[in-house]
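Colleague: here you go, sequence then predicted model.
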Amino acid sequence: MAIINQATKELQVKVVYYGPGMGGKTTNLLKVHENIQTAQEKSKMVSLATSSDRTLFFDFLPIEAVAIKGFKTKFQLYTVPGQVIYNTTRQLVLRGVDGIVFVADSQYDKMSENVESFANLEENLKTLKLNLTDIPYVVQYNKRDLPNVAPVEYMEFLLNNREVQVPSFPAVASQCDGVFETLNMITRMLLHKFINESKARSA
Ligand SMILES: Nc1nc2c(ncn2[C@@H]2O[C@H](COP(=O)(O)OP(=O)(O)OP(=O)(O)O)[C@@H](O)[C@H]2O)c(=O)[nH]1
Ligand SMILES: [Mg+2]
């Protein structure tokens, strides 16, 4: 759950970018980092990658949002390593998660990897005694620029066919298309949740 510091009036929220290997999670964070406008000094992005640029542990990018209800909101963006073998690391990165961006790879031949990664997300949340239905999340259909992509409707059927559909966005993360639409939605959902919970507490 989000960390609320009443003394410093700060709200700290953790967002994890999850999805199959090479889907574009790190690219999302890089584009956010490149394009973010902040009054204060630009915060550093921490990237722990192999020499071939595959995420080894995680990427980390802290960003600050506007103050709401007198609270300064800090979003901490993380990515997990998508490669199947790094599951223990994914479980560690998921600890304390508030919101999730599932980055799917739109190429037809990646559909089984997408579905497998989504199932892996649910399993890993279970080990943390969390349930996806309780966590705000959005889905991003990335790499729409490639020729061999599956229709969005088909991907919705595979990855977003629960009782309540979540917001989803087509994207070309490498060109920054859809990156901020995705981020804005998950941050908005998390702020709403925070406001509703604080209302419930004070009622
Ligand atoms: N054509 C195209 N390539 C993209 C897009 N987004 C990312 N890529 C490329 O896909 C490759 C993998 O992207 P990453 O962001 O490293 O993928 P990742 O999900 O972090 O991968 P792991 O760290 O292994 O889990 C890189 O070469 C990116 O430049 C896109 O929208 N279109
Ligand atoms: Mg990565």
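Modeller: That came in fine, so what should we check first? Residues are numbered from 1 along each chain as shown. Ligands and ions are numbered 1, 2, ... in the order given.
Colleague: need the per-residue pLDDT for residue 45.
Modeller: Residue 45 is assigned a predicted lDDT (pLDDT) of 80.
Colleague: residue 163 now?
Modeller: On the pLDDT scale, residue 163 is placed at 89.
Colleague: quick check: residues of this protein near ligand 1?
Modeller: Neighbours of ligand 1 within the chain, by Cβ under 6 Å from any ligand atom: 19, 21-27, 53-55, 79, 81-83, 142-143, 145-146, 172-174. No exception for glycine: its C-beta is placed from N, CA and C like everyone else's.
Colleague: how about 8 Å then?
Modeller: 17, 19-28, 30, 49, 53-55, 59, 79-83, 103, 142-146, 171-175, 177 (Cβ under 8 Å from any ligand atom).
Colleague: which residues touch the closest residue to residue 103 other than its chain neighbours?
Modeller: Distance criterion Cβ to Cβ, 6 or more residues apart in numbering; nearest residue to residue 103, sequence neighbours excluded, is residue 19 at 3.8 Å. Listed by Cβ atoms under 8 Å, 6 or more residues apart in numbering, the contact partners of residue 19 are 25, 82, 102, 103, 104, 105, 114, 117.
Colleague: again, but for residue 176
Modeller: Residues in contact with residue 176 (Cβ under 8 Å, 6+ apart) are 31, 34, 35.
Colleague: and those, which are buried?
Modeller: Buried members of the contacts of residue 176, scored by 16 or more other Cβ atoms under 10 Å, are residue 31.
Colleague: picking that back up, of the residues of the chain next to ligand 1, which ones also sit close to ligand 2?
Modeller: Among those, proximity to ligand 2 is found for 25, 26, 55 (Cβ under 5 Å from the ion).
Colleague: next up, the contacts around the second one.
Modeller: Okay, so that is residue 26. For residue 26, the contacting residues are 47, 49, 53, 55, 59, 79, by Cβ under 8 Å, 6+ apart.
Colleague: if we go to 7 Å?
Modeller: Neighbour list for residue 26: 47, 55, 59, 79 [criterion: Cβ atoms under 7 Å, 6 or more residues apart in numbering].
Colleague: where's it, which helix or strand?
Modeller: Element membership of residue 26 [criterion: DSSP states H and E] is helix 25-35.
Colleague: continuing past that helix, what's the next helix or strand?
Modeller: Helix 25-35 is succeeded, C-terminally, by strand 46-49 (DSSP H and E).
Colleague: give the pairing partners of the helix or strand following that following strand; include direction for each.
Modeller: Using DSSP H and E, the next helix or strand after strand 46-49 towards the C-terminus is strand 55-68. Paired neighbours of strand 55-68 in the sheet (DSSP bridges): strand 46-49 (antiparallel), strand 71-79 (antiparallel).
Colleague: I'd like the average pLDDT over whichever helix or strand comes after the last one.
Modeller: Tracing the chain C-terminally past strand 71-79 and defining elements by DSSP H and E, one meets helix 87-94 next. When pLDDT is averaged over helix 87-94, the result is 96.
Colleague: in helix 87-94, what counts as buried?
Modeller: Neighbour-count burial for helix 87-94, counted by 16+ other Cβ under 10 Å, picks out 89, 90, 91, 93, 94.
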